[in-house]
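1. here are the coordinates; sequence isn't available:
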Ligand SMILES: [Zn+2]
């Protein structure tokens, strides 16, 4: 790649272990461990084989993970409403925390590959080198990554290529022109490379039906909009709007962030997801907040469906 402004992934740094990222993801407030945690502590552990996951799904009233379910039961039961396992879909997707401010997409890919029982750290790093995945990771890069591992996928987006309108968005401004060329080439070569890309609109019902079959998805959201109902986050006041009224002072700036979808509540529709900013939790948000975050200007409504039978 001739892009002079790009740095190769700091593989040596990755090998040495975790580093404190230079920036935090706005709105996600990751709690970086004071002491460095060995990278392996978050990246190792036996993955469930697809056959085991399929067995767990078929032998239960609904797709759910027994141990993870217990956590959700506690959360929900604390609110006074006992739930049965068939009330929600909750897939055993492991959480893997991102290492830097820029690699949430790679952390999501790792989670998905481990869920599929296909994560091999060395092979993953080789893939990053081969695909030249640098500090700017687009959804199309993740689709190529899935293809590299032979994982069945379908990337849905509103824009096949780069939306010129993003040029002046602060999030995209840096290296826009070089990236535009690179990303447009990836789209152009997708079919020949057997990367599945479609321009299409996806409904939340489509997403839930996908999850109900044990499949997962990586979604691009505006992290300034996404709000987890399980994580306590302080209310931010920026004006004197009366209590309970929405503030229109300022639309939240676009901050692209990838998350992994892993289930939903059948009664409320709430979406369960892993946020790579955190190492230790599953997050949950309402359908309306999820829809707002993923359709926010800047996301192109990118969603990468990944299939269990890969
Ligand atoms: Zn959360």
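-> Looks like it came in fine. This one's a predicted model, so the numbers in the text were calculated from it and none came from an experiment.
2. from here on, contacts and neighbour counts on C-alpha atoms
-> Noted.
3. any idea where the strands of the stretch 201-310 of the chain begin and end?
-> 216-222, 256-265, 271-274, 283-285, 303-306 (DSSP state E, counting those that start in this stretch).
4. mind checking which of those strands is nearest the ion?
-> Taking Cα to the ion, strand 283-285 is the member of the strands of the stretch 201-310 of the chain nearest to the ion, at 3.6 Å.
5. Quick one: list the elements packing against that closest one.
-> strand 271-274 (3 or more Cα pairs under 8 Å, 6 or more residues apart in numbering; DSSP states H and E).
6. now for the strand it packs on, which elements pack on it?
-> strand 256-265, strand 283-285.
7. what pairs with the longest one, and is each one parallel or antiparallel?
-> The strands that strand 256-265 pairs with in its sheet are strand 88-90 (antiparallel), strand 216-222 (antiparallel), strand 271-274 (antiparallel) (by DSSP bridges).
8. Strands along the stretch 51-200 of the chain, start to end?
-> Under DSSP E, counting those that start in this stretch, the stretch 51-200 of the chain gives strands at 88-90, 153-157, 197-199.
9. what comes into contact with the second one?
-> This means strand 153-157. Here strand 153-157 makes contact (Cα atoms under 8 Å, 6 or more residues apart in numbering) with 140, 143, 146-147, 195-202, 300-307.
10. can I get the strands of the stretch 201-310 of the chain in JSON lines with mean pLDDT, mean neighbour count and distance to the ion?
-> Putting these into JSON lines (pLDDT from 0 to 100; neighbours: other Cα atoms under 10 Å; distance: least, Cα to the ion, whole Å) gives the following:
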{"stretch": "strand 216-222", "mean pLDDT": "97", "mean neighbour count": "26", "distance to the ion": "14"}
{"stretch": "strand 256-265", "mean pLDDT": "97", "mean neighbour count": "26", "distance to the ion": "11"}
{"stretch": "strand 271-274", "mean pLDDT": "98", "mean neighbour count": "26", "distance to the ion": "8"}
{"stretch": "strand 283-285", "mean pLDDT": "96", "mean neighbour count": "21", "distance to the ion": "4"}
{"stretch": "strand 303-306", "mean pLDDT": "98", "mean neighbour count": "25", "distance to the ion": "20"}
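11. Out of those, flag the one nearest residue 177.
-> For residue 177, the closest of the strands of the stretch 201-310 of the chain is strand 256-265, at 18.1 Å, according to Cα to Cα.
12. Contact residues of this structure facing the ion?
-> Residues of the chain lying near the ion by Cα under 5 Å from the ion: 228, 230-231, 283.
13. for this structure, which spans come out with low pLDDT?
-> Applying pLDDT under 70 to the chain flags residues 1-84, 174, 232-252.
14. Repeat the analysis, applying 50 as the threshold.
-> 1-46, 55-74, 76-78, 234, 237 (pLDDT under 50).
15. Which residue, other than its chain neighbours, is closest to whichever residue of the stretch 101-250 of the chain sits closest to the ion?
-> Here the stretch 101-250 of the chain gets closest to the ion at one residue, residue 231, 4.0 Å apart by Cα to the ion. Spatial nearest neighbour of residue 231, chain neighbours left out: residue 283 (7.1 Å); criterion: Cα to Cα, 6 or more residues apart in numbering.
16. Need the residues that contact stretch 180-192.
-> Counting by Cα under 8 Å, 6+ apart, residues outside stretch 180-192 touching it are 138, 140-141, 160-162, 196-197.
17. got those as JSON lines, with neighbour count columns?
-> JSON lines is the format used below for those (neighbours: other Cα atoms under 10 Å):
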{"residue": "138", "neighbour count": "18"}
{"residue": "140", "neighbour count": "25"}
{"residue": "141", "neighbour count": "21"}
{"residue": "160", "neighbour count": "18"}
{"residue": "161", "neighbour count": "18"}
{"residue": "162", "neighbour count": "19"}
{"residue": "196", "neighbour count": "20"}
{"residue": "197", "neighbour count": "18"}
